[in-house]
Each structure stands twice: as C-alpha cells, then as structure tokens.
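J.: turn this into a model:
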Amino acid sequence: MSGEPAVRWRRTSRVLLTDPRGRLLLLCARDPRTPGAAWWFTVGGGIEAGESSEEAALREVTEETGLVLRSDRLGPLVWTRRALFTVDGARIDQTEEFRVVLLDAVETAAVRVDTTEATHGHRWWSPEALATTAETVRPRGMAARLPVLLAAGARGEWPTVEHLGDMDEDLNE
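T.: Modelled structure (predicted):
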C-alpha cells in the first residue's frame with residue numbers, strides 16, 4: 001500500500017450567489033489537519049441520492065444561507081469542472097456544476113450564514129477583490145469570468161456551459 005488515502009467520488013451542485021452590486025458570496029473553509037490552511041468557495045455541496053442537481057443547489061442555498069428560493073430563481077448551468085483534492089485526510093474526486101442566482105437587495109440582506117460547523121466565515125466579493133486577493137479562492141479564474149458572465153446574464157444572453165477543466169488542487173496553498 002502506498003499510504004495514500006482512498007479516493008472518494010462526489011457529485012456537487014454549486015451556486016454563484018450574487019447580489020445587486022455584482023458581488024459573489026463565498027464561504028470560508030479550513031482544513032482541521034493543517035493549521036492556518038483556509039480557502040474560499042461557492043455556496044453548494046453534495047448531491048444526495050435521488051436528488052437532481054437543481055434540487056441540491058436549492059437545498060444547499062437554504063442550508064448554507066437560510067434563503068428559501070423557488071426553483072424558478074435558479075439560473076442556468078454556466079460552468080462545470082472536476083477537482084481532485086485532499087481535505088481532513090480524505091482524497092476527493094469531485095465533479096461540480098455551477099448555476100447562477102441573482103439576488104435582490106431584500107434577499108441579500110436576509111442571508112444568514114451558519115459558521116458553527118464546516119463554514120468559518122463568509123464574505124461578499126467584488127470581481128476587483130477576487131482579482132487582487134492573495135487568499136485561496138476556488139474555482140480559480142472567477143475574477144475574470146464573473147463580470148463577463150453577469151454582463152451576459154443582464155442582457156439575457158447566458159453563455160453556453162464552460163468546462164473549467166480538471167484541477168488537481170492543493171487547497172492548503
């Protein structure tokens with residue numbers, strides 16, 4: 001045996017939750033086995049048995065932000081990717097689907113992130129802040145992609161699905 005942890009495959013549904021100012025809500029995670037290791041990620045999580053990716057996205061928004069959104073609020077699938085990473089000693093091979101939700105001001109004010117378990121903070125990020133941060137943000141490249149995506153959506157011209165690639169990530173960088 002090589003001593004490497006077994007790989008666990010996981011399908012996820014993620015949400016690019018944006019406010020009226022074009023900022024993106026990101027959550028902060030930490031690896032309990034690596035002191036000081038932290039990264040920012042989008043709202044969303046695992047798709048449960050018997051659940052569609054859309055149902056998972058809406059459930060995860062509720063669980064992570066307290067918002068209960070109708071299915072017609074969920075925007076189109078815009079990005080996909082595959083990520084390989086290790087967290088808390090587990091090796092994860094994860095496929096991700098990203099959808100957009102454009103919140104209004106009332107919904108934005110109602111966001112309540114529970115930071116008692118896996119999430120250690122949250123922040124609304126402008127594209128400028130994403131472009132200049134030294135912090136780890138996943139998926140990579142959002143600073144360049146987000147403004148283009150939101151501008152197209154504002155015109156009612158959501159782009160075709162973009163595959164962000166397969167990434168072997170060190171979340172603790």
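
J.: which residue sits closest to the residue nearest in space to the middle of the chain, ignoring its sequence neighbours?
T.: Central residue of the chain (CA atoms, centre = their mean): Thr42, 2.0 Å from the mean position. With sequence-adjacent residues excluded and distances taken as CB to CB, 6 or more residues apart in numbering, Thr42 is closest to Arg14, at 4.6 Å. Using the backbone N, CA and C atoms, a C-beta is placed for each residue, glycine as well.

J.: tell me the contacts of the one you found?
T.: By CB atoms under 8 Å, 6 or more residues apart in numbering, the residues touching Arg14 are Phe41, Thr42, Val43, Gly44, Gly45, Ala57, Glu60, Glu96, Glu97, Phe98, Arg99.

J.: return the member of the residues you listed nearest to Val87.
T.: Among the contacts of Arg14, Phe41 lies closest to Val87 (CB to CB), at 10.8 Å.

J.: what is that closest one paired to in the beta sheet?
T.: Leu27 (DSSP bridges).

J.: ok, it - how many residues close by?
T.: 18 (other CB atoms under 10 Å).

J.: which ones are touching it?
T.: Neighbouring residues of Phe41 by CB under 8 Å, 6+ apart: Arg14, Leu26, Leu27, Cys28, Ala29, Val137, Arg138.

J.: the helix or strand of the chain with the lowest mean pLDDT pairs with which strands, and in what direction?
T.: When the helices and strands of the chain are compared on mean pLDDT, DSSP states H and E, strand 162-168 comes out lowest with a mean of 77. With DSSP bridges as the test, strand 162-168 is paired with strand 77-87 (parallel).
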